[in-house]
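In: Pasting the sequence and the predicted coordinates here, then a few questions.
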2 protein chains.
Amino acid sequence: MTGSVIIAGLGPGNDALITPEVSAALTQATDIVGYIPYVARIAPREGLTLHASDNRVELDRSRHALDMAADGHKVVVVSSGDPGVFAMAAAVFEAVEAGPSLYRSLDIRVLPGITAMLAAAARAGAPLGHDFCAINLSDNLKPWALIEKRLRLAAEADFAMAFYNPRSKSRPEGFVRTLEILKDACGDNRPVIFARNVSHVDEQIKVVPLMETTPDMADMRTMVIVGSSRTRIIEMDGAPIVYTPRSAPA
Amino acid sequence: MTGSVIIAGLGPGNDALITPEVSAALTQATDIVGYIPYVARIAPREGLTLHASDNRVELDRSRHALDMAADGHKVVVVSSGDPGVFAMAAAVFEAVEAGPSLYRSLDIRVLPGITAMLAAAARAGAPLGHDFCAINLSDNLKPWALIEKRLRLAAEADFAMAFYNPRSKSRPEGFVRTLEILKDACGDNRPVIFARNVSHVDEQIKVVPLMETTPDMADMRTMVIVGSSRTRIIEMDGAPIVYTPRSAPA
């Protein structure tokens, strides 16, 4: 029996956003590895072992998956969203690079998923319809100075910006600083989208002008999207729509 | 009967990457609107009218969809990839904003899809595993100077970069210039991924150091992803894997 590691994206939470490719991989798995709430989304069945682990042990989890594959298991590492965007795929490859040469002969594949930024954008309209960037605001794995530099350059480039992990209880000051930088660099009226628990039953979408944003509008379950200078709001009869036109003037 | 417009992403080409949410919307549609090759992906059935149109008529197509919805049709506008990323969602909202107030009372929804950048990244490893940006290299709808400015700022921010529409027959010089700018700004050894026809049977993934890239490596069916300064290549027993670690040094 030949083992494999598939790193699969479960999308933002609603099962209707899981691709058939990922569903098929889950059906064929012998072992599911991942962060507790993501593994909890997988239905138990005969012949399938669920290995749930806590946050911040991504490298241990990756080695466990690789070791089981080396033993012939068909392992699926589950990520929320897309596994390649601030998620498990990079962690598995870090473990491969630092690990025994055996890991380099394994069958390792990444299956894309609907990442939170695109699910949130879709619910708000089309704020990422022109050039944009994605920044992880957590400074657990990078210096805050680098985040700040990227925010300023992204504003100068007039990208729309999507922020992952905007604010946690253990580092509330980063998002305070982020909003200060943006208010300084982007002016007052830039539309900002706070999309919490996208695709879940308690989903909340708020659209707020930059000058009225406050740090408590975001937590770790919130995607924050900031428009470019071209981003517009359409007042619909229902909720407002935020979109960035495809064109930019000369 | 109440009409609606759903703007749905079909993913990069393989039906196994279409979400169940999009499949369900297609099942309930009375009319499908879109660019010829995307409409060709929809199976004809009783009660469904297919409206295929050529490239570069996105606003006409959008108005057609909105008018049919106003007449009570259940219209699905199909996009490849994700409709919110350089695709039809922004075009529909441009038509709404410029159109009659009637359009603002319509039920309009965007259903996300697997965008080419994430499908390509998954096939290559995890090159977008850290902060990144997405730039449309076509200057049909924006001045070339803005593209050039964004390329230089993105390099300064040390983003990984994903390029949509890198090179067409009618404007081959833009990608020549893009590679010149990147070679100047990023040094020689940055990994570059050329992912052509991702998820199709004739998919091709090439990984090339920046110094060895040539403009003819890309066409309109190619996603180009350029690593950040931290992006690494792992020589596997099979094809190389390209990934960007989650961490950045202080």
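Out: Okay, I see it. Numbers count the residues shown, from 1 in each chain, chains lettered A, B, ... in the order given.

In: what secondary structure does A:A195 sit in?
Out: Following DSSP: H, G, I helix; E, B strand; the rest coil, the label given to A:A195 is strand.

In: who's in contact with A:D107?
Out: Applying Cβ atoms under 8 Å, 6 or more residues apart in numbering or on different chains, we find A:D107 in contact with A:T2, A:G3, A:S4, A:V5, A:A69. Yep, even glycine has a C-beta here, placed from its N, CA and C like the rest.

In: redo that, cut-off 7 Å
Out: A:T2, A:S4 (Cβ atoms under 7 Å, 6 or more residues apart in numbering or on different chains).

In: Same check on A:P240?
Out: A:V207, A:I233, A:I234.

In: where does it land on pLDDT?
Out: On pLDDT, A:P240 comes in at 96.

In: ditto for the one 3 residues further on
Out: In the prediction, the pLDDT value recorded for A:Y243 is 98.

In: Keep only those of the contacts of A:P240 that are also close to chain B.
Out: Contacts with chain B within the contacts of A:P240, counted by Cβ under 7 Å from any Cβ of the partner chain: A:I234.

In: ok, so of the contacts of A:P240, who is nearest chain B?
Out: Nearest to chain B out of the contacts of A:P240 is A:I234 (Cβ to the nearest Cβ; 5.2 Å).

In: My read is that A:V75 contacts A:D31, right?
Out: Yes. Using Cβ atoms under 7 Å, A:V75 is in contact with A:D31, at 4.7 Å.

In: could you dump the contacts of A:P240 to a markdown table with neighbour count and pLDDT?
Out: Shown next, in a markdown table, are the contacts of A:P240 (neighbours: other Cβ atoms under 10 Å in any protein chain shown; pLDDT from 0 to 100):
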| residue | neighbour count | pLDDT |
| --- | --- | --- |
| A:V207 | 19 | 97 |
| A:I233 | 18 | 97 |
| A:I234 | 16 | 97 |
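
In: so of the contacts of A:P240, which ones are in helices?
Out: Among the contacts of A:P240, none falls in helices (DSSP state H).

In: Format the contacts of A:P240 as CSV; extra columns: distance to B:F132.
Out: What follows is those, written out as CSV (distance: Cβ to Cβ, whole Å):
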residue, distance to B:F132
A:V207, 25
A:I233, 26
A:I234, 28
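
In: Would you mind listing the residues touching both of A:V75 and A:D31?
Out: By Cβ under 7 Å, 6+ apart, the residues touching both A:V75 and A:D31 are A:M68.

In: Give me the more crowded residue out of these two.
Out: Neighbours per residue (other Cβ atoms under 10 Å in any protein chain shown) separate A:V75 from A:D31, with A:V75 holding more: 26 against 21.

In: How about the more buried one: which residues does it bridge to?
Out: A:V5, A:D31 (DSSP bridges).

In: residue ranges of the strands in chain A, please?
Out: Per DSSP state E, chain A has strands spanning A:4-9, A:31-35, A:49-53, A:74-79, A:107-111, A:125-126, A:132-136, A:160-164, A:191-196, A:204-209, A:222-226, A:232-234, A:241-243. These are given in chain order.

In: State the paired neighbours of the last one in the sheet, together with their directions.
Out: When you say that, I think you mean strand A:241-243. Sheet pairing of strand A:241-243 (DSSP bridges) gives strand A:125-126 (parallel), strand A:232-234 (antiparallel).
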